[in-house]
Structure formats: C-alpha cells, structure tokens
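Asks: need a 3D model of the sequence below.
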Amino acid sequence: MIGIDTSTLNKASVSMHRSTNGVQNAVGRLLNSGNSSKSLLDGGDTGGLSMVSRLGAENRSKSQLAKSMQNAVTYIQMQEAGLRKALAIYERMSDLASKAMDPLLSEKVRAELNAEFTSLKADSLSIRKDSFQGQILYDDIAAYVKENISFGEGFTESSVTDPSIGLTVGTITGNPDYNKYYEFEKDVLFTSGDFKMEVNGGGNGERYIIKQGNSTIFDTVNKWATAGTAYTYDFDRFDIKFAPGSTTTFTFTPQSRGNNQDVRGANGTIGKIDPDTLESDDPDDIAPPIDNGIYDNKSKYLANLGLSDDGTSSGMGTRTGEKFTNQGQINTGEASGETTRLTLRVEANSIFQIRASYSTPTEPSNYVDVGDSSNSSVTLDPVGLGLMQNVSIDTANDAADAVSSLAKEIEGIGVQLATLGANMTELEVAEERLNNQVFLTESGISRLTSDILVDESTRLAKEQIRLQSSQALLAQAFSLSENILNTLL
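Replies: The predicted model follows:
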C-alpha cells in the first residue's frame, strides 16, 4: 500500500504552526505599538523601556502639577474677588463716616449711619475667614494697615478700674509683698507677636506678669526694683517675643533717660505719656529729661538678671539684642495659642510706672508653595485685610478718624491687588515653563518609539509570508500524494 510521507507532512505542519504563532505575535506587537512601554518590553529593549518609564513618570508628575497650578489660579481669583468686595465695603464706610463728621447730626440720623457702618465693618471682617479647599485666603499679618495696641500710657498705681479700657484693680490678701493687683486685658487678635514693656517701680519694685489666656508667658517672679522712686531716674525695657510652638524669648535694654527730677509735677499725678515723644498730656507734668547716658539701674538689673558687668557703660553693651528665656529671676513660658487675649498683671504695694504695648508679628505665615524645586515651583506671597481696630463713627471726631483710617485701608487694597498681580504673573511664567518641559519629554518618548510601528508592520508582513509559504508547502504535499494514489488506482 502506498501512503503519504509522514516525515514530510510533520515537517510542513511544524513549520506552519511556527509561522502561525509568529503572525499572532506580530499582530499583538503591532496592536501594542501605541503603548511604548509594552512595545519595548515585547521587543526586549530593556534600556529603552527604562528610559520611557522614567520619562512617563515625570510627565505624569508634571501633569498633576499643572492641575495644582490651575487650582492656584482659582485661589488667586478668589482672593481678588474678596479684595474687591472689601474695597466696595470700605468705600461705602468712608462715605458714611464722611456724613457722620457733621457735629450737628441728630441722634436718630447718627444712629442710622452707625448701624449700617457697624454692619459693614462686620462684613469686612468676615471676609478674612474665607478659604479655598481648606487653605485660608488671607493672612492678617500681611495686612497693609496694622496698629499697635496700648496696654496703658502712664499706667501707674493711681490708675483705677476702667472697664472701657480693660483695666481691673483688685486686692491681694495674705501676701506681705503685695496688697494690690492691676490687670490690663485686651484682645490683640493674634496668638503671636511682640510685647514691649518699660517699667519703673523704684527701690521697692513690683512683680510683672504677662499671660495669654491662663498661660503665663513672662514673669519676673519676684519684685523688679529700679533706682530711686518710680517717678525718678530710669526705666527698664523688656521686649518679649512669643508664638505658639516656639520658645518665648525676651531682650533686655537698659535705659538712661532719667535723673533725680520727679516727673509728676506739682499736682502729684502723671498724665498719659506719648510712647514716641514721652510727652505727657498733663501740662503740670515735668518734661522728660534728656538722655544723660548714665544707667542708674545698672547694679539692680544686673543682679536681677544674674549677669556680670561686661565693662561697658550699661554693663550689658556686649549683650545688646541677646535673647533670653529663663534668666535670673525671670521665667518665660510657651504661648498656648488657645486665645488671642493678653493680660498684663502688676502685683504691687507701692508706686510704679509702666509703658506697655503689643505689636503684631512682622512675618506672615500664609505663603503658598505650588510645585517643587525639581520642576516649576512658585511661592505665592500672602495678602491680608485690615482688622479695622478702633474704627467707629460714634462721634464727629471718631468719624473724622475713621475717614483717615479707611483711606489707608483703601490704599492698602491697591497694594494687595498688586501683590496678587505679581503672584499671577509668576504662576503664568511657571506654567509656560512646565508646558515646555512636558512637550520636550513627550518628544523624547516619541523619538524612542518612532520606529516601533514600522518595525512591527515589517515583522508582521514577513511572518505572513512565512505562514503562506508553509501553507503552500503543506498543500503541495497533500496534492502530490493524492495524484500518485489516483494514478496507481
């Protein structure tokens, strides 16, 4: 019996199977040619795969950064909208204050003006609380208009309880060193800042305490004495810097503007003292003496601070500006940040003088960083709105002061809008730089993978030709065997 050559058929069958698999693989690679990483992996190009993967990751990061920049644009736009709203409020308040400057206004009209003025003031303050995606829009410390808060000009043992200025006077019992306390409590609107205190308690001395809520941030602990009486010779000056999360520090600055002249004058009392000129509003008071360069309190403050004389005229010339925490008899404590209310407490049993004030922090904290240093990073400078401290139109004089204050606030809006303009320009430049980087990265990926489609198309054509050849050979083998069989039969 004559049969088919099985060896030949097996070879042809194996060849066709291999060709079929080759076509299938080539088709798969061709379909994946749009996926550079998959194509390079299929092609065994590990170096190219590594490069493409890294560039792809960078581009995804930059795409996310581009979204952050778009959010930053919205953030700036919301800040601008709030500032322009505040500007409209300030202009209306200025108009009301101008009308309220008339001393002949009836009580009814003034009350109506005051009601609208107060409502607008509340609206302006509420803008400060606006936020975008959890990020506050405004930083009070960046406000154009900021005012110091006085804790008593010419504050003395003769000061009496006055709730209107936040002063409380009370009795201390059971303590031989002190029989009275004096407390000034005020809302300073910030949880951090600088507190300046100049004291003159004379040879007996007083205890001086500064508290934030219930937390003590500065305490002389014991009596702090100076030379002579509280109304002669020199003051001592403390500058206390505090902030939540930071160590409270103070600097001590010896003073030399004083002599043996009693500054109270013939009436025995002292008026309010201008903190800059040191002039009193009481015409009977003695004009402040010239600075004689003599540090009358030298021996006392060096002993109180536990410091040795450094040989300079003040004994502290080499320590100018040095920051202390707990030094000598003085203790400091960290600000709690739980409240914005500060209290200056004096415990005394004799005469004293104090000049004290609070200053807002100088460095804003609400800087917004967009991006990172490895790409296009931008830091948006903060802007702020005024706190409208001590602005009212209760009287004609108050209204005149309000007009002046609001003029500064309106001027400040222009400055803040200019800051936003600079922020937006910086953001636009960074965004353009980022888009260029993305384009260049995509071009790099394209160069690495530009030949993949051509290569895979050529490989598919070859595999198809190989498959067709195998199929033809197998068909020819079957046909030849069939013809031989027919001839024999």
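Asks: list the contacts for the spatially closest residue to Glu338 that is not a sequence neighbour?
Replies: Excluding its sequence neighbours, the residue lying closest to Glu338 (CB to CB, 6 or more residues apart in numbering) is Gly213, at 5.3 Å. For glycine as for every other residue, the C-beta is placed from the backbone atoms N, C-alpha and C. By CB atoms under 8 Å, 6 or more residues apart in numbering, Gly213 lies in contact with 336, 338-339, 341.
Asks: go again using 10 Å as the cut-off
Replies: By CB atoms under 10 Å, 6 or more residues apart in numbering, the contact list for Gly213 reads 191, 335-343.
Asks: of those - the most surrounded one?
Replies: With neighbours taken as other CB atoms under 10 Å, the top of these is Leu342, carrying 26 neighbours.
Asks: was I right to think that residue contacts Asp187?
Replies: Yes: if you go by CB atoms under 10 Å, Leu342 and Asp187 touch, sitting 8.1 Å apart.
Asks: which residues do these two both contact?
Replies: Joint contacts of Leu342 and Asp187 (CB under 10 Å, 6+ apart) are 149, 166.
Asks: just checking, Asn399 touches Asp95?
Replies: Heads up, residue 399 is Ala, not Asn. No: taking contacts as CB under 10 Å, Ala399 lies outside contact range of Asp95: 11.2 Å.
Asks: burial count for Arg257?
Replies: By other CB under 10 Å, the residues close to Arg257 number 15.
Asks: what are the phi and psi values at it?
Replies: Dihedral angles of Arg257 (phi, psi; degrees, to the nearest 10) stand at phi -90, psi 80.
Asks: for it, give me the pLDDT.
Replies: If you check Arg257, the pLDDT there is 88.
Asks: what about it, distance to Gly193?
Replies: 26 Å (CB to CB, to the nearest Å).
Asks: do the same with Glu185
Replies: Counting by CB to CB, the gap from Glu185 to Gly193 is 15 Å.
Asks: looking at those two, which is more packed in?
Replies: Gly193 (23 against 15).
Asks: which residues are in contact with the more buried one?
Replies: Counting by CB under 10 Å, 6+ apart, Gly193 has contacts 141, 148-149, 212, 240-243, 335, 340, 342, 358-362.
Asks: take those residues and keep only those in strands.
Replies: 149, 212, 240-242, 342, 358-359 (DSSP state E).
Asks: tell me the one of the residues you listed nearest Ser308?
Replies: Among the ones in strands among the contacts of Gly193, Ile240 lies closest to Ser308 (CB to CB), at 23.4 Å.
Asks: for the closest one, give me its contacts.
Replies: Ile240 makes contacts with 193-197, 210, 217-218, 248-251, 330, 332, 358, as judged by CB under 10 Å, 6+ apart.
Asks: of those, closest to Gln261?
Replies: Proximity of those to Gln261 (CB to CB) peaks at Met197, which lies at 23.0 Å.
Asks: so that closest one: helix, strand or coil?
Replies: The three-state label given to Met197 by DSSP: H, G, I helix; E, B strand; the rest coil is strand.
Asks: excluding chain neighbours, what is closest to it?
Replies: According to CB to CB, 6+ apart, the nearest residue to Met197 is Ala356 (4.4 Å).
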